[in-house]
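Trainee: Quick one, fold the following:
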Amino acid sequence: MTSSDDATRSRLLRRGFALEYATLGWNVVGIVVLAVAAISAWSVALAGFGPDSVLEIGASAMVTWELSGSGEDRQRRAPRLIGGAFALLALYLLVQSKNIVTVPT
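Mentor: Sure thing, here's the model as predicted:
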């Protein structure tokens, strides 16, 4: 690599980290807002977005991990962990939705 390639890569990495940190901050604020809204409205749908934001934080953390120069093992493990977390969220929403749905007789 040339020095200009190194400078470009360094600049792009700084930009990538800045974007990921902004995403992390946004999602942390979102969790707080969603928690307050879900509790005050007793809404399972709103409560489902809270764990979704936690998952997005995890995904952003994985991207930050990758930007830091990690190996191939992390590249294989990260999508599986994120996918498993989304499957758990879907299961949670399914169970919660069955608890609140009533069918008129």
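
Trainee: The longest helix anywhere in the chain - contacts with which helices or strands?
Mentor: Identified as the longest helix of the chain according to DSSP state H is helix 3-41. Here helix 3-41 touches helix 44-67, going by 3 or more C-beta pairs under 8 Å, 6 or more residues apart in numbering; DSSP states H and E. Quick note: C-beta positions are derived from backbone N, CA and C, even for glycine.

Trainee: tell me the contacts of the spatially closest residue to Ala35 that is not a sequence neighbour?
Mentor: Leaving aside its chain neighbours, Ala35 sits nearest to Gly50 (5.7 Å; criterion: C-beta to C-beta, 6 or more residues apart in numbering). Contact analysis of Gly50 by C-beta atoms under 8 Å, 6 or more residues apart in numbering lists 31, 34-35, 38.

Trainee: Show me where the chain dips below the pLDDT cut-off.
Mentor: Applying pLDDT under 70 to the chain flags the ranges 1, 70-71, 99-105.

Trainee: So which residue is dead centre in it?
Mentor: What sits nearest the mean C-alpha location of the chain, by C-alpha atoms, centre = their mean, is Glu56, with 0.7 Å.
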